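> Give me a model of this one.
(chains A and B)
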Amino acid sequence: MKFKSVFDIIGPVMIGPSSSHTAGAARIGRIGRDLFGRQPKWAKVHLYGSFAETYKGHGTDVAIIGGLLDYDTDDERIKTAFEDAARLGLTFEFIPETAHTEHPNTARIVLGDEQQEMSMVGISIGGGKVELVELNGFPLRLSGGGAAILVVHEDRSGCIASVAKCLADQQINIGHMEVSRKEKGNMALMVIEVDQTVSEAVLAEIATLPNITQVTRIAD
Amino acid sequence: MEVLFRNVRELVERAEAENKLISEIMIEQEMLVTDRTREEIMKQMDRNLTVMEEAVEKGLQGVRSTSGLTGGDAVLIQNYMKKGNSLSGELLLDAVSKAVATNEVNAAMGTICATPTAGSAGVVPGTLFAVIHKLNPTREQMINYLFTSGAFGFVVANNASISGAAGGCQAEVGSASGMAAAAITEMAGGSPQQCSEAFAITLKNMLGLVCDPVAGLVEVPCVKRNAMGAANALVAADMALAGVTSRIPCDEVIDAMYKIGQTMPTALKETAQGGLAATPTGRWLEAKIFGGAVVGREQ
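Numbers count the residues shown, from 1 in each chain, chains lettered A, B, ... in the order given. Reported below is the predicted structural model:
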């Protein structure tokens, strides 16, 4: 079952006009901010497909910037996100692309500050639901529809087991899991699909485990 | 995932066997699936109801979208209705105007609750805030209206689609209208089976509805389709309450909608390549809003 909760049908509460183009876009931006760990100083947003075609009319652009400022889908400040970004020192650029992507609503966000740079690709799959499909060149394969978390960690032994144990202790069943790394001993990623939404408390607990850098919900 | 119902037949059978309302089965399933308490779930839906109420109020004061394509029609309909000479009657026009109000707020980047999507967010609250003046429900019954709507939407989303891009507007406004019809029927005292008939009658009359947004925006024809969806829902609910049934069972209507959506050309599924979006005026409006070459029309 793709839709689990009645609130997937009656909800989300959001700023209009489009659950895919506005609410989904805000969520993609917010995942970017979560993964970056703080507000970036600059962002380059590449828009593909229907996002590129209709972003102005749907407020997709202000919604993504709102997300980068940590606004939720129903935060009225989404409408003034451009002005807020200027005041808070976030510069940004939107680049509509003509290239064909697998999903019609795709955004690639490159963001950074003096210390760090990051890139991500998010897709808006309908009704405000989104998925992260690439992070810093790592393709993330999700089966889609279900809840999933992303754990960025140091490539050390025992790390994966400790995260799995933490989920098991909370009686959260893992449906699918992928681990990847660029080089041995370096940064690695776990993408974990679970049968129910992982609470903030569990995310926070995983974040305190040794060698864990970042824990984020990437689909719910 | 363990669920109490996967289709409308199971939903109705369970409700009737346990002598419960459809809304109650939806609440019980939500508790089961999300492992949350009834209180938490009721509270979240209560908040969604408040958002819907505020959007209706705001729309009835008059709003305009930034594109200039939509806005102000909810006010016109209310003013007309209050003169007392309407042909279709006050309750129906009240529902229509409140559905329009919600979607005008949506188009103007106001706060709404997607029901089931943003583009189709007007029908369920529009009908609700009209029928309450006749049925005088408690706050809890108003919340239950949303759970009954959600139960039918849940079946459609999992067995067919609630996305215009995937299934045309029949999947968005069509689903929303069926959801509203079922919820009106329950609130008016209809049986779970009658809710199912109301849903089926509504969706049957929305089959084949294309998604052809002018300039790709959720405004034209979407706002007026929410109006007609609300009217459709009220009439179907009355028919079901009168004892009229659908010859084609509800789940088969949902399946037919899904298959029509699959066979519908891409040009008619939210791409703005066909239908009203591709008319001379549609293209002219697109050029006016987004710039670019104006083709096919002088204005």
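
> alpha carbons only for contacts and neighbour counts from here, please
Will do.

> which stretches of the stretch 1-150 of chain B form strands?
Along the stretch 1-150 of chain B, the segments classed as strands by DSSP state E, counting those that start in this stretch run B:111-113.

> Let me fix that, I meant to ask about chain A.
Counting by DSSP state E, chain A has strands at residues A:13-15, A:42-48, A:91-96, A:105-112, A:117-126, A:129-135, A:138-139, A:147-154, A:174-181, A:187-194, A:212-219.

> longest helix of chain A?
As assigned by DSSP state H, the longest helix anywhere in chain A is helix A:24-36.

> mind listing what's buried in it?
A:24-36 (16 or more other C-alpha atoms under 10 Å in any protein chain shown).

> residues in contact with B:M206?
B:M206 makes contact with B:170, B:174 under the criterion C-alpha atoms under 8 Å, 6 or more residues apart in numbering or on different chains.

> Which strand or helix spans it?
Using DSSP states H and E, B:M206 sits within no helix or strand.

> Got phi/psi on the nearest residue to B:P221 once chain neighbours are set aside?
Among residues not flanking B:P221 along the chain, B:P213 sits closest, at 6.3 Å (C-alpha to C-alpha, 6 or more residues apart in numbering or on different chains). Note on B:P213: backbone dihedrals following degrees, to the nearest 10 are phi -70, psi 130.

> Quick check, B:P213 in contact with B:R225.
No - between B:P213 and B:R225 there is no contact under C-alpha atoms under 8 Å: 11.1 Å.

> need the contact list for the closest residue in space to B:R36 that isn't next to it in sequence.
Using C-alpha to C-alpha, 6+ apart and skipping residues adjacent in sequence, the residue nearest B:R36 is B:E30, 7.7 Å away. When contacts are counted by C-alpha under 8 Å, 6+ apart, B:E30 touches A:5-6, B:36, B:41.

> buried set for stretch B:69-89?
Under the neighbour-count criterion of 16+ other C-alpha under 10 Å, stretch B:69-89 has B:69-75, B:77-78, B:81 buried.

> Now go through these and say which are in helices.
Cross-referencing the buried residues of stretch B:69-89 against helices under DSSP H gives B:73-75, B:77-78, B:81.

> which one among those residues gets closest to B:I254?
Closest to B:I254 out of these is B:A74 (30.5 Å), distances taken as C-alpha to C-alpha.

> residues contacting that closest one?
B:59-60, B:62, B:97-98, B:100-101, B:104.

> now do 6 Å
B:60, B:97, B:100-101 (C-alpha atoms under 6 Å, 6 or more residues apart in numbering or on different chains).

> pLDDT weak spots in chain A?
Along chain A, segments meeting pLDDT under 70 span A:144-145.

> Tell me the residues of it that contact chain B?
A:1-2, A:6, A:9-19, A:127 (C-alpha under 6 Å from any C-alpha of the partner chain).

> So among these, which ones count as buried?
Neighbour counting by 16+ other C-alpha under 10 Å classes A:6, A:9-19, A:127 among the residues of chain A next to chain B as buried.

> Among those, which pair sits farthest apart?
Most distant of these, by C-alpha to C-alpha, are A:V6 and A:P17, 21.0 Å apart.

> wait, is B:D238 part of a helix?
Yes - when classified by DSSP: H, G, I helix; E, B strand; the rest coil, B:D238 is found to be part of a helix.

> With chain A as the reference, measure out to the closest residue to it other than its chain neighbours.
Closest residue in space to B:D238, ignoring its immediate chain neighbours: B:T185 at 7.6 Å, by C-alpha to C-alpha, 6+ apart. Here the criterion is C-alpha to the nearest C-alpha, to the nearest Å. By it, B:T185 lies 18 Å from chain A.

> Going by secondary structure, B:T185 is in what exactly?
Per DSSP H and E, B:T185 falls inside helix B:175-187.

> just checking, what packs against the helix or strand that that helix is followed by?
Scanning forward in sequence from helix B:175-187 by DSSP H and E, the next helix or strand is helix B:192-204. Packing partners of helix B:192-204 (3 or more C-alpha pairs under 6 Å, 6 or more residues apart in numbering or on different chains; DSSP states H and E): helix B:175-187, helix B:222-241.

> and those, which is most packed in?
Neighbour counts (mean count of other C-alpha atoms under 10 Å in any protein chain shown) averaged over each of the helices and strands packed on helix B:192-204 peak at helix B:175-187, with a mean of 33.

> how much does that one deviate in direction from helix B:222-241?
40 degrees (axes from the mean of the first three to the mean of the last three C-alpha atoms, to 10 degrees).

> pLDDT on helix B:175-187, on average?
What helix B:175-187 shows for mean pLDDT is 98.

> what's the spacing between that helix and its chain's center?
Put simply, helix B:175-187 sits 9 Å off its chain's centre (C-alpha atoms, centre = their mean, to the nearest Å).

> Which elements pack onto that helix?
Contact partners of helix B:175-187 among helices and strands, from 3+ C-alpha pairs under 6 Å, 6+ apart: helix B:139-159, helix B:192-204, helix B:222-241.

> Just put the ones you listed in JSON lines and tack on mean pLDDT.
Below are the helices and strands packed on helix B:175-187 laid out as JSON lines (pLDDT from 0 to 100):
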{"stretch": "helix B:139-159", "mean pLDDT": "98"}
{"stretch": "helix B:192-204", "mean pLDDT": "98"}
{"stretch": "helix B:222-241", "mean pLDDT": "98"}
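
> about what we covered before: any idea how far the residue nearest to B:D238 is from B:S196?
9 Å (C-alpha to C-alpha, to the nearest Å).

> Kindly report the same for B:P221.
Here the criterion is C-alpha to C-alpha. By it, B:P221 lies 28 Å from B:S196.

> More neighbours: the two, which one.
Between B:P221 and B:S196, counting by other C-alpha atoms under 10 Å in any protein chain shown, B:S196 is the more crowded of the two (32 against 17).

> circling back: can you give me the pLDDT of the residue nearest to B:R36?
For B:E30, the pLDDT comes out at 96.
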